[in-house]
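Novice: Quick one: sequence and predicted model below, then my questions.
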Amino acid sequence: METYDQFPINLLESQGSITIPSVKVISDNVNIWENGGVVEHSVTPTSIILDTQSEGVSYIITNQKLGQFINLNGFFKEKSENKDRILLSTDLFAGGIGEYMCPDMLSLFYKQGKLAKLQFTITNPSRIVEFIIPIFDQIEVTPKEDDSYETKVKLWHLMCVIAISKANGIPTQRQLIETIMKRENMTEEHLNRVNNNATSISFMPPADDRKKLRILYDMVVIMIAGGQMTDEEKGLIGDIAYKFGFEPDKTLDYLMQTVFNEM
């Protein structure tokens, strides 16, 4: 069971004002719930933008395919805190306004102050649209002050491929990790930093598109070598491809075919 940050009971800001910073996050794990079960699942990286204004909080969902399940933009005028979530609503005590496919509530779940999950609740029809934020959006930007840009890129590169190898309990592919370390002129000290303190490694994309593809290629190699190609692993790679400015599905298909052709 997931454990999220806890909040006091503060309905409609009756116990004090609630501050929600504007934020843009990318989810690579989307679940559509109806009648207590998941009826649709997607690992397509999807941006969700929350914009806090004086009148309330607006949202934008940038995945057009989800428009069949939920209104892709909307506004919440009410804010509450309730145990494990911050709750945005349109008319809390009335249970919402019930407009077709318009969410009446949005639950925001946090881990250590970072947004980890969003749940949109729709009453017409009865549905929950859930967005889970990947681990890469939880990494604190606290690299060593004396690290060069090149070192930061290398550390993040190594963190990515290790994350893929561990995504579903697959043992780290030591031979492939060593090949990457040798090619990138990395030492055991780099590996130890990634293994022991990954949360201190910031998202640091290389400037060169060929280098970006190399990072994604290495991740696909480990994914395939692990004998599994799960949605979770594909979602992690797709999330990074999206942040690199590539089209996730086409990039992943291309790299998988490239790796298979070289085997």
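Specialist: Received, thanks. Residues are numbered from 1 along each chain as shown.
Novice: Return the backbone torsion pair for the closest residue to Ser89 other than its chain neighbours.
Specialist: Counting by C-beta to C-beta, 6 or more residues apart in numbering, the nearest residue to Ser89 once its immediate chain neighbours are dropped is Glu78, at 4.3 Å. No exception for glycine: its C-beta is placed from N, CA and C like everyone else's. The main-chain torsion angles of Glu78 are listed as degrees, to the nearest 10 and equal phi -110, psi 150.
Novice: Same check on the one 4 residues further on?
Specialist: Backbone torsions for Asn82, taken as degrees, to the nearest 10, come to phi -150, psi 90.
Novice: Please name the bridge partners of it.
Specialist: Asn82 has these beta-bridge partners by DSSP bridges: Arg85.
Novice: so how far is Thr3 from the residue nearest to Ser89?
Specialist: Computed with C-beta to C-beta, to the nearest Å, the distance linking Glu78 and Thr3 is 26 Å.
Novice: Neighbour count: these two, which is higher?
Specialist: Residue environment comparison for Glu78 versus Thr3 gives the larger neighbour count to Glu78, 18 against 8, counting by other C-beta atoms under 10 Å.
Novice: shouldn't the more buried one be in contact with Ile86?
Specialist: No: Glu78 is not in contact with Ile86 according to C-beta atoms under 8 Å; the separation is 11.1 Å.
Novice: quick one: low-confidence parts of the stretch 151-263 of the chain?
Specialist: Where the stretch 151-263 of the chain drops to pLDDT under 70, the residues are 165-173, 198-200, 202, 226-229, 263.
Novice: whoops, I mixed them up, the stretch 1-150 of the chain
Specialist: In the prediction, the stretch 1-150 of the chain carries residues with pLDDT under 70 at positions 1-2, 135-147.
Novice: quick one, helices of it?
Specialist: Read by DSSP state H, counting those that start in this stretch, the stretch 1-150 of the chain holds these helices, from start to end of the chain: 149-166.
Novice: give the contact list for Leu213.
Specialist: Under the criterion of C-beta atoms under 8 Å, 6 or more residues apart in numbering, the neighbours of Leu213 are Thr251, Leu255.
Novice: for Asn195, that is, sorry about that
Specialist: Listed by C-beta under 8 Å, 6+ apart, the contact set of Asn195 reads Ile162.
Novice: my guess is it is in a strand, correct?
Specialist: No: membership of Asn195 in a strand is not supported by DSSP: H, G, I helix; E, B strand; the rest coil, which gives helix.
Novice: Hmm, Ile128 and Phe69 touching each other?
Specialist: No: with contacts counted by C-beta under 8 Å, Phe69 stays clear of Ile128, the gap being 9.9 Å.
Novice: any shared contact partners between the two?
Specialist: With contacts defined as C-beta under 8 Å, 6+ apart, the residues shared by Phe69 and Ile128 are Ile32.
Novice: Many thanks, I have nothing further to ask.
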